[in-house]
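A.B. asks: quick one: sequence plus predicted model below, questions after.
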Amino acid sequence: MSDEKVRVRIAPSPSGNLHIGTARTALFNYLFAKKMHGKYVLRIEDTDLDRSSEEYKQNIFDSLKALGLNWDEGPDVGGQYGPYKQSERFDIYPKFAQMLIDKGYAYECFCSNEDLDKEHEEAKAKKIPYKYSRKCLNLTKEQKDELKAKGIKPSIRFKVDYKELVFNDLVKGELKFDTSLIGDFAIMKSNGTPTYNFAVVVDDMLMKISHVIRGEDHISNTPKQILIYEALGATVPKFGHLGMILAPDRSKLSKRHGATAVSDFIKQGYLTEALLNFVALLGWAPSDGVEIKNVDEIAADFRINEISSSNSIFEYEKLNWMNGQYIKKMDISKLTDLALPFLNKYDTSKYSRDMLERIIEVTREPITLLKDLENDTQYFFEEPKLDEVKELLSTDLSKKVLEKFKNDVKDYDFNNEEEIHNKLADFRTYFKEQFGFKPKETMWAIRAALTGRTRGADMVAIIVILGKDEVIKRLNNV
RNA sequence: GCCCCCAUCGUCUAGAGGCCUAGGACAACACCCUUUCACGGUGUAGACAGCGAUUCGAAUUCGCUUGGGGGUACCA
């Protein structure tokens, strides 16, 4: 093992909210850094000014932080290799581009978009793979000056020579490319800003990134980037390419499949812990078979070379199950804090904090999303509507049960929950022995009268939370 | 079109030549528990894409086919 410090980065482009796939890439970078005791940096790739926005940038920050994927260096926290926003680094790219020109690795190109479009069309018509014609490769100084005098601003192209390029991918293994298939590609746009491939390499080099872990949609960029590293005389980092996350129809996960942004998931009531845990399982498997694990546990067990190299499909079933598991286990005070925003259509002020926690405690069991709480806690806040249980309440059984319950409950000691529990048990036994009513039928009658439903939280808890006055009031309303 | 990546139950995966009559998780189904829904427990069903090759032996190696994904920009 070398002494080289492990430095990884996550480099989102602020042209949309933080995508769940980007979040997974961030997670794997974070896990790797943690496991290797390295640094994890955030860099904002906003070279495309038109598509980048402050709002998206903020969403990316917020989402990453909500997930707990905090960075060691980044635009807001700084670091010794900043700035960490590409738009603030525009002055450094031209220098390196010039250096490449001077060394003969790059050249100025005066072709217009129309010229280039024409080349594309011709290649298409001839059914041959497109490669830049190199029309501007051998322009003389006079020709260039003339063009510049006309006001034409050149782009800068990297000169790609034939070479068999091989690199060892951390997750895919040995990858080979024939660079003669790659045309001379642009590294600087005519407007003076760098292209993606160039900016990434310059930044990763300057930020001393040791391992580049990213989606496999970048595989075909990798040979270009390696060529640039070599021309720059820089150390080539190790690359690791992760399979993509696909929608159930095997297409790219996009908005039409539902939520794609981390913030969307949070809005629906997914817990960030569950989201992270679930997404980690897309491509990675725990060595002990225990799937529910927090980030620290996952990091300790993380082996980048054992990540699955295939794509995986994002299915909600397991995420939902996992979210439910986290909801059941979460500290009740913390859960209540998270749940309250989903209850804002109710007047929650009628209950004390303790009582609110109690309400969440007794309703959390069957839910998969925090959003479900809105419906499941309704009867604690509002008078029940009896429409759906009308039939149930009109049976002979229900009438018998409620008549007795109405009478008995007056004597219940609402400060003694255990006693209520026992009395209800006796109550069920009484009806079973006297009339042969099934215990659940007996309880259904009470539940329907008190909540307007046939399912819900524990009956004893409901009675205690509602309180004697409210219970009697609701009983009288039937 | 060309280049690249990938291929085990419906889904996520374990599996690095004999431990595999392929294991686990979610979902499904059945039963048990039970004051409802759930949780939990037990069990059932369910996969090595196809074809060749190597080998005493292949889910595991190699090739081809097929299928899926990605790329092919002065987007990132």
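C.D. replies: Right, received. Where do you want to start? Numbers count the residues shown, from 1 in each chain, chains lettered A, B, ... in the order given.

A.B. asks: use CA for all of it now, contacts and neighbours both
C.D. replies: OK.

A.B. asks: what is the neighbour count of the residue nearest to residue A:177 when sequence neighbours are not counted?
C.D. replies: Counting by Cα to Cα, 6 or more residues apart in numbering, residue A:165 is the residue found nearest to residue A:177 once chain neighbours are left out, at 5.1 Å. By other Cα atoms under 10 Å, 14 other residues sit near residue A:165.

A.B. asks: how far does the strand or helix carrying residue A:165 sit from its chain's centre?
C.D. replies: Applying DSSP states H and E as the criterion places residue A:165 in strand A:164-169. Centroid separation for strand A:164-169 versus its chain: 31 Å, with Cα atoms, centre = their mean, to the nearest Å.

A.B. asks: got it, and stretch A:293-300?
C.D. replies: 17 Å.

A.B. asks: average model confidence for that stretch?
C.D. replies: Mean pLDDT, computed over stretch A:293-300, is 96.

A.B. asks: repeat for stretch A:202-215
C.D. replies: Here the average pLDDT along stretch A:202-215 is 97.

A.B. asks: how long is it end to end?
C.D. replies: Terminal residues of stretch A:202-215 lie 19 Å apart, using Cα to Cα, to the nearest Å.

A.B. asks: what about that stretch, near RNA strand B?
C.D. replies: No. Figure legend: stretch A:202-215 not in contact with RNA strand B (Cα under 7 Å from any atom of the strand); closest approach 8.2 Å.

A.B. asks: run through the strands of chain A in chain order.
C.D. replies: A:7-10, A:39-42, A:106-109, A:155-158, A:164-169, A:173-178, A:186-188, A:211-215, A:238-242, A:245-246, A:312-313 (DSSP state E).

A.B. asks: neighbouring strands of the fourth one in the sheet, and parallel or not?
C.D. replies: Each strand that pairs with strand A:155-158, with its direction, by DSSP bridges: strand A:106-109 (antiparallel), strand A:186-188 (antiparallel).

A.B. asks: residues touching it, excluding its own?
C.D. replies: A:97, A:105-110, A:184-192 (Cα atoms under 8 Å, 6 or more residues apart in numbering).

A.B. asks: at 7 Å instead, please
C.D. replies: Under the contact criterion Cα atoms under 7 Å, 6 or more residues apart in numbering, strand A:155-158 has outside partners A:105-110, A:184-190.

A.B. asks: so for it, what gets flagged as buried?
C.D. replies: A:155, A:156, A:157, A:158 (16 or more other Cα atoms under 10 Å).

A.B. asks: what about that strand, average pLDDT?
C.D. replies: 97.

A.B. asks: now the fifth one
C.D. replies: For strand A:164-169, the mean pLDDT works out to 92.

A.B. asks: that strand - contacts with which helices or strands?
C.D. replies: In this structure, strand A:164-169 packs against strand A:173-178, strand A:238-242, with contacts taken as 3 or more Cα pairs under 7 Å, 6 or more residues apart in numbering; DSSP states H and E.

A.B. asks: can you list the strands that the first one pairs with?
C.D. replies: Looking at strand A:173-178 with DSSP bridges, its partner strands are strand A:164-169 (antiparallel).

A.B. asks: and the angle from the strand it pairs with to strand A:211-215?
C.D. replies: 90 degrees (axes from the mean of the first three to the mean of the last three Cα atoms, to 10 degrees).

A.B. asks: contact residues of the stretch 1-150 of chain A facing RNA strand B?
C.D. replies: A:12-13, A:45-48, A:51, A:109-113, A:120, A:127-130.

A.B. asks: cool, and the stretch 201-350 of chain A?
C.D. replies: A:216-221, A:243-244, A:248, A:250-252, A:281-285, A:289, A:291, A:306-315, A:317-321, A:325.

A.B. asks: mind doing that once more with 6 Å?
C.D. replies: A:216-221, A:250-252, A:281-285, A:289, A:308-315, A:317-318, A:321 (Cα under 6 Å from any atom of the strand).
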